[in-house]
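S.K.: I'd like to go over a predicted model; first the sequence, then the structure.
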Amino acid sequence: MKTITTTVVFDLDDTLYPEKDFVISGFMAVDEWVCAHLGIKGFFQQAQEAFEQGIRGTIFNTVLDKLAANRYNQLTINEMIKIYRNHFPKIQLATDAEEILKNLKGKKNLAIITDGDLSTQKNKGKALDLENKIDLVVYTDAYGRENWKPSKLPYEKVMDHFHVKGSECVYIGDNPSKDFKGANELGWLTVRLRRPQSLHRLIEAPSPEFAPKLEINSLSLVDWGNCFWSPKSVPPPPLRKRGNCAKGNF
Ligand SMILES: [Mg+2]
């Protein structure tokens with residue numbers, strides 16, 4: 001017996017567009033503010049370098065320490081965070097994502113489940129014109145921090161909205177620390193997209209319940225034309241070598 005996949009659901013950041021592009025766009029917005037309000041030049045370049053060096057969570061402090069010595073305080077940092085989170089981002093869908101969404105529109109139920117600050121994620125949605133490309137976007141922050149992935153709730157929202165069973169759904173995401181656990185518990189097919197440039201490409205699932213059932217490195221490698229998954233042809237376990245891919249047949 002074959003289970004037809006009726007509902008294709010994506011993560012957003014680093015699945016449908018490169019998350020690094022949002023980071024760069026945010027640094028540019030903050031750079032403008034820092035230049036205009038603090039009279040300091042060079043923020044963007046320093047922030048980009050800090051990001052490339054792997055600094056996370058303290059980039060604004062690190063860069064201002066370098067550029068401004070004692071000329072800032074926590075209120076300055078808070079304002080910069082606000083600018084970063086609320087700016088309207090210059091981002092674009094990845095080429096394969098654009099193509100897949102166009103091909104599947106009207107043929108499958110299409111949804112996104114995305115974590116992150118609500119206004120930030122909504123701005124990304126507007127910048128990518130998701131309203132016209134996707135049937136349903138579940139912003140998990142709208143249900144409280146406790147319902148961000150790996151909570152099951154956002155996946156249940158999708159099933160309720162489309163009146164479908166878990167066995168009809170597939171979730172495609174990039175981050176095994178949170179993307180697949182809730183979906184696995186509800187019987188969804190889970191697919192990890194490990195793009196060569198993605199920020200979480202080196203992270204592995206912390207335990208088997210967090211692991212995806214399939215792994216790919218491009219959306220173009222999925223056999224979308226035969227979008228079904230047969231229990232008789234259970235895909236092999238995720239490949240772990242970088243650069244490899246498993247062809248999805250569901
Ligand atoms: Mg992601």
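M.R.: Here it is on my side, so go on. Given the structure is predicted, the values throughout are model-derived calculations rather than measurements. Numbers count the residues shown, from 1 in each chain.
S.K.: packing partners of the helix ranked longest in the chain?
M.R.: The single longest helix within the chain, with elements called by DSSP state H, is helix 19-33. For helix 19-33, the packing partners by 3 or more CB pairs under 8 Å, 6 or more residues apart in numbering; DSSP states H and E come out as helix 43-52, helix 74-86. C-beta: built from backbone N, CA, C; applies to glycine.
S.K.: need the residues of this structure near the ion, please.
M.R.: Contact residues (CB under 5 Å from the ion) of the chain with the ion: Asp11, Asp13, Asp14, Asp174, Asn175.
S.K.: ok, back up a step: what angle do the longest helix of the chain and helix 43-52 make?
M.R.: Interaxial angle, helix 19-33 versus helix 43-52 (axes from the mean of the first three to the mean of the last three CA atoms, to 10 degrees): 150 degrees.
S.K.: pick the most deeply packed of the helices and strands packed on helix 19-33.
M.R.: helix 43-52 (a mean of 18; mean count of other CB atoms under 10 Å).
S.K.: so how far is the helix or strand following that helix from its chain's centroid?
M.R.: As assigned by DSSP states H and E, the chain's next helix or strand after helix 43-52 is helix 59-68. Offset of helix 59-68 from its chain centre (CA atoms, centre = their mean, to the nearest Å): 28 Å.
S.K.: also stretch 143-156?
M.R.: Its chain's C-alpha centre and that of stretch 143-156 lie 15 Å apart, by CA atoms, centre = their mean.
S.K.: quick one: buried residues of it?
M.R.: If you call a residue buried by 16 or more other CB atoms under 10 Å, then stretch 143-156 has these buried ones: Asn147, Trp148, Lys149, Pro150, Ser151, Lys152, Leu153, Pro154, Tyr155.
S.K.: could you do stretch 108-121 as well?
M.R.: Buried residues in stretch 108-121, counting neighbours by 16+ other CB under 10 Å, are found at Lys108, Asn109, Leu110, Ala111, Ile112, Ile113, Thr114, Asp115, Gly116, Thr120, Gln121.
S.K.: can you check the pLDDT for the closest residue in space to the first one that isn't next to it in sequence?
M.R.: Distances taken as CB to CB, 6 or more residues apart in numbering put Val8 closest to Lys108, at 4.8 Å, once the chain neighbours are dropped. According to the prediction, Val8 has pLDDT 95.
S.K.: I'd like to know which elements whichever strand or helix holds Val8 is packed against.
M.R.: Using DSSP H and E, Val8 maps to strand 7-10. Applying 3+ CB pairs under 8 Å, 6+ apart, one finds that strand 7-10 contacts strand 109-114, helix 153-162, strand 169-173.
S.K.: of those, which is nearest Asn103?
M.R.: Among the helices and strands packed on strand 7-10, the nearest to Asn103 by CB to CB is strand 109-114 (10.5 Å).
S.K.: per-domain residue ranges of this structure.
M.R.: For the chain, automatic domain parsing gives the domain ranges 3-18+92-233, 20-86.
S.K.: which of those sits most buried?
M.R.: domain 3-18+92-233 comes out most buried of those by mean count of other CB under 10 Å, with a mean of 18.
S.K.: got a list of what Leu101 touches?
M.R.: By CB atoms under 8 Å, 6 or more residues apart in numbering, Leu101 lies in contact with Leu16, Leu93, Leu110, Lys133, Ile134.
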